[in-house]
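Participant: 3D, please:
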Amino acid sequence: MIILNLGCGTKTSPSQCVINIDFSWYLRIKKNALLKRIAPIFLRGVRLERFQSLPINLMFHNLLNKLPFHSDSVDVVYLSHTLEHFDRKHVEAVLSNLKDILKMNGFIRISVPDFEKLCKDYLNNISIIEHHPELAEFHDNFISAIIAQSVRKEAYGTGEQKVFHKFVENRILGDARKRRQTHQWMYDRISLRELLKKIGFKNIGVKTYDTSAIPNWNSLRLDVNDLNQEYKPGSLYIEAQK
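Facilitator: Residues are numbered from 1 along each chain as shown. Model prediction:
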């Protein structure tokens, strides 16, 4: 069985059947000898830990380009919190390429921030504030959960840098959008189902972090943390077949 774990970041699987693939700027730095050498000067704290923790079983690839796999050769493709980072004009092409390399009846599993849940949380908080106005000072957190990742310009951690370091980092790596740290769209169970249907997928259904039609999926532990809890709480999980 061949499983592609796409846009995985540092959430990889050591299983021999899983190929972990990412295009993060951490990986781009690590693959460049010069940038790798000077990285500790610019990366500190959590960012340096993430950079140093990158596993070795990681393939570097831009999903806007076709993957180096033959048609009908892959059993499962998985995208965890990746699809929302693509401009909408590219999403159909990306999914079509993935469908092409899947075997007949092969699975695609997608995890994204659940826009429906975020909106429900926002509206529920408004109702709470009507009875408890003293909680209004925290209301921006519910707005931020929906739009912060879409509108921010500065990449994660860059604002903590000294002026010169910030300038150099932005010149080399670009802003948050160029580093693909921003959300270009949000999905719910209806919009994502319709998108997959348009591409030609079948048997489309909503799952949870610990349910799947993919054989032995939970053994790969891609949707749980070290405590066996949901790795990305508040996610929408959808599966479909070619």
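
Participant: right, and Y122 touches I143 too?
Facilitator: Yes. Counting by Cβ atoms under 8 Å, I143 is a contact partner of Y122 at 6.9 Å. The way it works is simple: take the backbone N, C-alpha and C, and place the C-beta from them, glycine included.

Participant: more crowded one of these two?
Facilitator: Y122 (15 against 12; other Cβ atoms under 10 Å).

Participant: phi, psi of the nearest residue to the more buried one once chain neighbours are set aside?
Facilitator: Excluding the flanking residues, the one nearest Y122 by Cβ to Cβ, 6 or more residues apart in numbering is F142, at 4.4 Å. Torsion angles at F142 (phi, psi; degrees, to the nearest 10) stand at phi -80, psi -30.

Participant: Please tell me I have it right and F142 contacts I129.
Facilitator: No. Using Cβ under 8 Å, F142 makes no contact with I129, being 9.8 Å away.

Participant: Just checking: what are the partner strands of the helix or strand encompassing N203?
Facilitator: Per DSSP states H and E: N203 is located in strand 202-207. As defined by DSSP bridges, the strand partners of strand 202-207 come to strand 235-241 (antiparallel).

Participant: any idea of the mean pLDDT for stretch 215-231?
Facilitator: Mean per-residue pLDDT for stretch 215-231: 94.

Participant: Same question for it: list its buried residues.
Facilitator: W217, L220, L222, D223, Y231 (16 or more other Cβ atoms under 10 Å).

Participant: And the residue nearest to Y122, what's its pLDDT?
Facilitator: Model confidence at F142 (pLDDT) stands at 94.

Participant: So what touches the strand holding N203?
Facilitator: Contacts with strand 202-207, where a contact means Cβ atoms under 8 Å, 6 or more residues apart in numbering, come from 109, 189, 193, 196-197, 213, 236-242.

Participant: Could you dump the buried residues of stretch 215-231 into a markdown table with distance to I3 added?
Facilitator: Listed next are the buried residues of stretch 215-231 as a markdown table, based on distance: Cβ to Cβ, whole Å:
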| residue | distance to I3 |
| --- | --- |
| W217 | 9 |
| L220 | 7 |
| L222 | 9 |
| D223 | 13 |
| Y231 | 16 |
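
Participant: can you redo those residues as a markdown table with secondary structure and distance to L135?
Facilitator: Formatted as a markdown table, these follow (DSSP: H, G, I helix; E, B strand; the rest coil; distance: Cβ to Cβ, whole Å):
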| residue | secondary structure | distance to L135 |
| --- | --- | --- |
| W217 | helix | 39 |
| L220 | helix | 40 |
| L222 | coil | 36 |
| D223 | coil | 32 |
| Y231 | coil | 29 |
